[in-house]
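Engineer: 3D, please:
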Amino acid sequence: MRNIPPAFFRVVRAARVAALVGILGVICAAPPARGAGGALQYKVQLKGGNAALNSQFRQLSRLFQDEGDPPPGYAGLQQRVDNDLATFRKIMRSNGYYAGQVRAAIDANSVPAQVTLTPDAGPLFKIKDCRITYTAPPPASAPRFCEGIGLKPGLAARAAPILAATSDLILKLRSDGRPAARIVERVAVVNATDAGMSLDFRTDPGPAGSFGTVEVSGVQHTRPAFLKRIVPWRQGAPYDERLVHKYRTTLSNLDLFDSIRVEPDVKAMQSSGRTPIEVQVHEMPYRTIQLGAKYATDTGPGALVSWEDRNLWGDAQSLKLVAQGGTLGQLLSASLTLPDQPGVDQTLAFSATTERDTTDAYTLNGIRQLSQISTPLGGDWSGKAILGFQAASVNQGGISTGSLLASLTAEATYDSTGSLLNPSHGARFDVSAMPVGGTQVTRTGFLILQTQASAYEPLNDKLIAAARVKLGTILFAPEFSIPPYLRFYAGGGGSVRGYAYQHVSPRNSKGVLIGGRSLAETSIELRYRAWKDIGLVGFVDAGMVSTSTYLANSPTPRVGAGIGLRYFTSFGPLRLDVATPINPGPSDAPIQLYISLGQAF
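Structural biologist: Predicted structure coming up:
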């Protein structure tokens, strides 16, 4: 230390200062935007690109979906970006943009960090040529050209139609007596020069086969003989995959199994072509207890409890007991349902109900018994025939009457929505005719006709437009020979929201709600899926009821409007609607609230 010149210490001090400045510079230049717990906050934006592709990407992007859950650091953000780049390229290719590229830039100096994605889809590739190559002679009706499976030159080379054509080719062969048909290889070659794709479906049609024995496994409480009895084919008939699909649907509709597998055992195919059909199922609990509740300002609270045995004697027979109570009424019912009776795909049902209703229109004490046969009519159509008997004592406006009636209802229904509680596409249509005869003070007879239609149209991936119309008329009887509980009323959560239950109705000179012989209702809704589990709804309802049979001299339609909240669950949306009458009557409240399960229609 004795001979070290002072200049050396000056150099060391300067180096220390420089090192400190450098460290501070590194700290300042490090990625900022740290949130709670050191998480790296960020914002993401798409710059340019194809609107349809961008919309698909937003639904699958982890950057967008998890923007509110930032990664712990810069490396985590970079990993999300890398994963999303791969996702975007897959989306481009699946939509026919095989030369598409996407660039990413991360600005770590902004607060929060900014991620910018710039996609370039490039040209849309189209199918240039397509062929089907069979490794063995196929059935005479097998598709020989790709046009037969929905592909033709000039069609956009998107993944969806190509995959659909693949499935269609296999289905056509397996529906024509070839249970072992398979695609050996699907060769797709893209040419960036002319943005074209060449396709070759190399297909093994397999040997001809027929339906063999049905082998059932996995059942505990269900009789195997029942599952064999309801198959829609006969043993020895040429194999047809469409019948196997139909059988799977039948098994699913029994509501007994949580897993179902129905497949031809092609390895066990006999030399004669007989192919055993393997049916493997797993039964779920077949006895259930259900609890339900609802609330509306017009009807008050309501509760329901039910017990059901869905496999009473081993053939999927269902026995259901229901108790329901609320401010406006109480109900006890028992029903027995026999599937595939009297024929395959048909259902026979019997029910008995005792009830008490206390509404603003009338007080009812009654019992009824129904016998019903349901049958498919083809496609999305189904039909019902219902024989009913009912006895009731009714008080309306201080006047009590008794009735003993029989009815026979014929009903046809179309439903392509695929969802009972939350339809998002398709349409529904229902029409029914119910002749009624019996005594109501004196002998009476009349005909009730009703029809209702609704449609659901997705406007984009978040917004659905829905509309409903309902019409009804009662013919061949004066109004007061029709029991009050069979007349038409409107108003309430499933009718014209904003008006109390049954309050859209003609009144007599004393102000009593008396119902009518004709009805018209309509509803329009916009349903917006704001978040994964939350939806918003705006709606307008309108309706009117007339004492005449054809809405002649009908009163001014009552109109209600409101907004709603939907919370989506695995079993259906929970509904909360708030509505107000647009042209209220003197006794109509300014606000009505409705809470229940499922969409309004």
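Engineer: Quickly list what the closest residue in space to Arg558 that isn't next to it in sequence is bridged to.
Structural biologist: Spatially, and ignoring its direct neighbours in sequence, Arg558 is nearest to Val504 (4.7 Å; Cβ to Cβ, 6 or more residues apart in numbering). Placement of C-beta: from N, CA and C, glycine included. Going by DSSP bridges, Val504 is paired in beta bridges with Ala490.
Engineer: now swap in Leu597 and tell me
Structural biologist: Beta-bridge partners recorded for Leu597 (DSSP bridges): Leu574.
Engineer: so what's the residue nearest the centre of the chain scoring on pLDDT?
Structural biologist: What sits nearest the mean C-alpha location of the chain, by Cα atoms, centre = their mean, is Ser419, with 3.5 Å. Looking at Ser419, its pLDDT is 93.
Engineer: What of the one 10 residues further on?
Structural biologist: As predicted, Phe429 sits at a pLDDT of 98.
Engineer: Please verify my assumption that it contacts Glu411.
Structural biologist: No: using Cβ atoms under 8 Å, Phe429 is not in contact with Glu411, being 11.2 Å away.
Engineer: Now do the SS call for the residue nearest to the centre of the chain.
Structural biologist: Counting by DSSP: H, G, I helix; E, B strand; the rest coil, the backbone at Ser419 sits in coil.
Engineer: in the stretch 251-400 of the chain, which spans are strands?
Structural biologist: Listed in chain order, the strands of the stretch 251-400 of the chain (DSSP state E, counting those that start in this stretch) span 257-264, 274-283, 287-296, 300-309, 318-326, 329-339, 347-358, 363-378, 381-396, 399-415.
Engineer: no no, the stretch 451-600 of the chain
Structural biologist: Using DSSP E, counting those that start in this stretch, strands in the stretch 451-600 of the chain cover 463-475, 518-528, 534-546, 558-568, 573-581, 592-597.
Engineer: sorry, back to before: list the contacts for the residue nearest to Arg558?
Structural biologist: Contact partners of Val504, counting by Cβ atoms under 8 Å, 6 or more residues apart in numbering, are 489-491, 495-496, 543-545, 558.
Engineer: Could I have the CA atoms of stretch 369-383 written out in CSV?
Structural biologist: Presented in CSV, the C-alpha positions along stretch 369-383 are these (Å, rounded to 0.1, in the frame of the first residue of the first chain):
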residue,chain,number,x,y,z
GLN,A,369,-105.4,-37.6,-15.6
LEU,A,370,-103.5,-37.7,-18.9
SER,A,371,-102.6,-40.6,-21.1
GLN,A,372,-100.0,-39.7,-23.8
ILE,A,373,-98.3,-41.3,-26.8
SER,A,374,-95.3,-39.6,-28.3
THR,A,375,-93.7,-40.6,-31.6
PRO,A,376,-91.1,-39.2,-34.0
LEU,A,377,-92.4,-37.9,-37.3
GLY,A,378,-89.1,-37.8,-39.1
GLY,A,379,-86.2,-35.3,-39.0
ASP,A,380,-86.7,-32.7,-36.3
TRP,A,381,-90.5,-33.4,-36.1
SER,A,382,-92.3,-35.2,-33.4
GLY,A,383,-95.9,-35.8,-32.5
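Engineer: how about that stretch: buried residues?
Structural biologist: Residues of stretch 369-383 classed as buried by neighbour count (16 or more other Cβ atoms under 10 Å): 370, 372-374, 380, 382.
Engineer: How about residues contacting that stretch?
Structural biologist: Under Cβ under 8 Å, 6+ apart, the answer for stretch 369-383 is 342-343, 345-353, 384-390, 410-416.
Engineer: tell me the average confidence for that stretch?
Structural biologist: Mean pLDDT, stretch 369-383: 95.
Engineer: Please apply the same query to stretch 286-301.
Structural biologist: Stretch 286-301 carries an average pLDDT of 92.
Engineer: What residues sit buried inside that stretch?
Structural biologist: Residues of stretch 286-301 classed as buried under the neighbour-count rule (16+ other Cβ under 10 Å) are 286, 294-299.
Engineer: go on, stretch 446-459?
Structural biologist: 446, 448-450, 452, 454-456.
Engineer: ok, now stretch 71-91?
Structural biologist: Under the neighbour-count criterion of 16+ other Cβ under 10 Å, stretch 71-91 has 71, 74, 77, 80-81, 84-85, 87-89, 91 buried.
Engineer: which residues are contacting that stretch?
Structural biologist: 31, 37-40, 42, 53, 56-57, 60-63, 66, 70, 100-102, 104, 106, 108, 113, 115, 117, 119.
Engineer: how does it look with 6 Å?
Structural biologist: Residues from elsewhere that reach stretch 71-91 (Cβ atoms under 6 Å, 6 or more residues apart in numbering): 31, 39-40, 42, 53, 56-57, 60-63, 102, 104.
Engineer: repeat for stretch 334-349
Structural biologist: 230, 316-321, 350-352, 372-376.
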